[in-house]
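*Asks:* what's the 3D shape of this:
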Amino acid sequence: MLSIPINLNLPRIPRIVTSLPGPRAQAIVQRDRAVTSPSYTRDYPLVVSRGQGCMVEDVDGNVFLDMTAGIAVTATGHAHPEVVKAIQEQSARLLHMSGTDFYYEPMVELAEQLAIRAPFPQPHSDTAFPAKVFFTNSGAESNEGAIKLARYYTKRSLIVAFLGAFHGRTYGAMSLTGSKAVQRANFGPLVPGVTHIPYGTHASLDYLEQQLFTTILPPQEVAAIVVEPIQGEGGYIVPEDGFLQRIREICDRHGILMVVDEVQAGMGRTGRLFAIEHWGVMPDIITTAKGIASGMPLGAILARPELMTWPPGSHATTFGGNPVACAAGIATLRLLESGLMTNATQMGELLQASLTQLHQRFPRISLPRGKGLMVAVDLLDEQGNLDYKLRDRIIQEAFLRGLLLLGCGKAAIRFCPPLVIDSDQIQIALQIISEILSS
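*Replies:* Numbering: from 1, shown residues only. Down below sits the predicted model:
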């Protein structure tokens, strides 16, 4: 059996040995600029060579503490040995055979594992599952499929989404997205029938019911309300109490499907497998990706079985549910449930407590918000207004000191580290930010 020894032995704290970017990194960045699309967003010139746990090393030997997890993807940490082993063993047996046309056990096994854990009503039969699963390559593809499934099942065309939402950049997903103008500019016309309302407040749902439903948006023609349980790119925004429960009630009253986008919030990041579980709400369709396979390209649509009735050929994908990605997904799920979700809860509480202390010392950092290891703070100017310039300066300076951060929303820094992070690494991250603010 193929076996590649895993012995990176990276330090567990940042180590900067060159100016940044180093000479090898500079050369690779120049090569990249000559051949890759300028649409990629690169916040700073990090050229990664390898990773282990919460640490990554660049091509010049600089080691960074990663609070990004590849945008909330490497849930089990970089190169977790059990995930790597699952990938090695599966790739030695079968790389690809397309689950659209054929069968293989890893795809069935992962579908069973996800379906039995879906926060949907439990079936009456002991042999039935609460969900059916369609595998995809990404979060955007999952959301594209969810649009199609909702329209197919309801025979309705209209969709409600939210300002600040991010669901992807392909045409259907982009039509749901309400995050940044640059993501839509010069790409019209988009998929018709999508109406956006503000996120997270009862006032927004009042507007939906009292204004839109009575004037321009007949509820009997709405197929779905698509919502993130915690808004991701929009700023890691946690909705008001009762907001998600009220969406469920509106959907029930009008025969609308509740589609929950768990692409960034799901797969253990908030301390629950799906973030919607914090509110005890049962959606109709869930989309997921990112952390589902620890870095392998995989996503999924989970739907109540009575909804997923589209016929053969109506929706398919060549690479979705690839056997190697599914093997990684099975290993990931096992690790999440054997301690990483618990760690996400505990380390998230520590992170928020530490950020609260930082806010008390530096009022230009807001109080933290989020759940588990999906946490953000806003950066403020002297008058208390959002200050994206200060946010961007902190992210750049953190990189130079060996800490990887990402922004979100208008002026927020997000903290979405691998779920293997420990208390020492959290304190190191906060110490670096403290030193930056002090300087």
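*Asks:* Extract the residue ranges of this structure that are flagged as low pLDDT.
*Replies:* Within the chain, the stretches with pLDDT under 70 are 1-8.
*Asks:* Break down it into its helices, ranges please.
*Replies:* For the chain, helices defined by DSSP state H occupy the ranges 23-35, 69-72, 81-93, 105-117, 139-154, 171-176, 202-207, 213-215, 243-254, 323-335, 341-361, 388-400, 423-438.
*Asks:* Next, the buried residues of the last one.
*Replies:* Neighbour-count burial for helix 423-438, counted by 16 or more other C-beta atoms under 10 Å, picks out 425, 426, 428, 429, 430, 432, 433, 434, 436, 437. (C-beta placed from N, C-alpha, C; glycine too.)
*Asks:* now for that helix, which elements pack on it?
*Replies:* Here helix 423-438 touches strand 63-66, helix 341-361, helix 388-400, strand 403-404, going by 3 or more C-beta pairs under 8 Å, 6 or more residues apart in numbering; DSSP states H and E.
*Asks:* What of the third one?
*Replies:* Based on contacts counted as 3+ C-beta pairs under 8 Å, 6+ apart, the elements that helix 81-93 packs against are helix 323-335.
*Asks:* ok, residues contacting the helix it packs on?
*Replies:* For helix 323-335, the external contacting residues (C-beta atoms under 8 Å, 6 or more residues apart in numbering) are 75-76, 80, 82-83, 85-87, 89-91, 93-97, 104, 106-107, 109-110, 113-114, 135, 267, 291-298.
*Asks:* residues contacting the residue nearest the centre of the chain?
*Replies:* Centroid-nearest residue in the chain, with C-alpha atoms, centre = their mean: residue 264, separated by 1.5 Å. By C-beta under 8 Å, 6+ apart, the contact set of residue 264 is 71, 72, 139, 166, 228, 230, 232, 233, 290, 374, 416.
*Asks:* And residue 25, by the same measure?
*Replies:* Neighbours of residue 25 in contact, by C-beta under 8 Å, 6+ apart: 45, 46, 47, 58, 59, 60.
*Asks:* Neighbours of the residue lying closest to it once chain neighbours are set aside, how many?
*Replies:* Leaving out its chain neighbours, the residue that sits closest to residue 25 by C-beta to C-beta, 6 or more residues apart in numbering is residue 47, at 3.9 Å. For residue 47, the neighbour count with other C-beta atoms under 10 Å is 18.
*Asks:* one step back: distance of the residue nearest to the centre of the chain relative to residue 404?
*Replies:* 17 Å (C-beta to C-beta, to the nearest Å).
*Asks:* Could you do residue 337 as well?
*Replies:* Distance from residue 337 to residue 404, by C-beta to C-beta: 27 Å.
*Asks:* thinking again about what came up before, could you find the closest non-adjacent residue to the residue nearest to the centre of the chain?
*Replies:* residue 232 is the one closest to residue 264 (C-beta to C-beta, 6+ apart), at 3.7 Å.
*Asks:* quick one: that neighbour and residue 263 touch, right?
*Replies:* Yes. Contact criterion C-beta atoms under 8 Å: residue 232 and residue 263 qualify, at 7.4 Å.
*Asks:* about what we covered before: what sits against the residue nearest to residue 264?
*Replies:* Counting by C-beta under 8 Å, 6+ apart, residue 232 touches 72, 166, 263, 264, 265, 374, 408.
*Asks:* Would you confirm that the first one contacts residue 291?
*Replies:* Yep, that's residue 72 we're talking about. Yes. In this structure, residue 72 is within contact of residue 291 by C-beta under 8 Å, at 6.1 Å.
*Asks:* Which neighbours do these two have in common?
*Replies:* Residues touching both residue 72 and residue 291 (C-beta under 8 Å, 6+ apart): residue 269.
*Asks:* neighbour count winner among those two?
*Replies:* residue 291 (31 against 25).
*Asks:* Pull the contacting residues for the more buried one.
*Replies:* Contacts here follow C-beta under 8 Å, 6+ apart; on that basis residue 291 touches 69, 72, 73, 74, 75, 266, 267, 268, 269, 332.
*Asks:* Take those residues and write them to JSON lines, including distance to residue 190.
*Replies:* Output for the contacts of residue 291, formatted as JSON lines (distance: C-beta to C-beta, whole Å):
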{"residue": "69", "distance to residue 190": "30"}
{"residue": "72", "distance to residue 190": "26"}
{"residue": "73", "distance to residue 190": "27"}
{"residue": "74", "distance to residue 190": "32"}
{"residue": "75", "distance to residue 190": "31"}
{"residue": "266", "distance to residue 190": "25"}
{"residue": "267", "distance to residue 190": "28"}
{"residue": "268", "distance to residue 190": "33"}
{"residue": "269", "distance to residue 190": "29"}
{"residue": "332", "distance to residue 190": "33"}
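*Asks:* Could you give the number of residues near the residue nearest to residue 168 when sequence neighbours are not counted?
*Replies:* Excluding its sequence neighbours, the residue lying closest to residue 168 (C-beta to C-beta, 6+ apart) is residue 140, at 2.7 Å. When counting by other C-beta under 10 Å, one arrives at 24 neighbours for residue 140.
*Asks:* Tell me the spacing between the residue nearest to residue 264 and residue 126.
*Replies:* Going from residue 232 to residue 126 by C-beta to C-beta gives 37 Å.
*Asks:* now residue 297
*Replies:* Per C-beta to C-beta, residue 297 is found 34 Å from residue 126.
*Asks:* next one: residue 38
*Replies:* From residue 38 to residue 126 the distance is 55 Å (C-beta to C-beta).
*Asks:* who does residue 159 bridge with?
*Replies:* For residue 159, the beta-bridge partners are residue 194, residue 224 (DSSP bridges).
*Asks:* check contacts around it.
*Replies:* Applying C-beta under 8 Å, 6+ apart, the residues contacting residue 159 are 147, 150, 176, 193, 194, 195, 222, 223, 224, 225, 226.
*Asks:* next one: residue 366
*Replies:* By C-beta under 8 Å, 6+ apart, residue 366 lies in contact with 359, 377, 378, 379, 380.
*Asks:* Please produce a ChimeraX select command covering the buried subset of those residues.
*Replies:* What follows is the ChimeraX syntax selecting those of those that are buried according to 16+ other C-beta under 10 Å:
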select :359,377,378,379,380
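*Asks:* mind putting the contacts of residue 366 in CSV, distance to residue 389 included?
*Replies:* What follows is the contacts of residue 366, written out as CSV (distance: C-beta to C-beta, whole Å):
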residue, distance to residue 389
359, 19
377, 16
378, 13
379, 9
380, 11
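*Asks:* ok, back up a step: for the helices and strands packed on helix 423-438, give me CSV that also has distance to residue 274.
*Replies:* Putting the helices and strands packed on helix 423-438 into CSV (distance: least, C-beta to C-beta, whole Å) gives the following:
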stretch, distance to residue 274
strand 63-66, 24
helix 341-361, 11
helix 388-400, 29
strand 403-404, 26
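*Asks:* sorry, back to before: between residue 297 and residue 126, tell me which one has more neighbours.
*Replies:* Counted by other C-beta under 10 Å, residue 297 and residue 126 do not tie: residue 297 has more neighbours, with 18 against 5.
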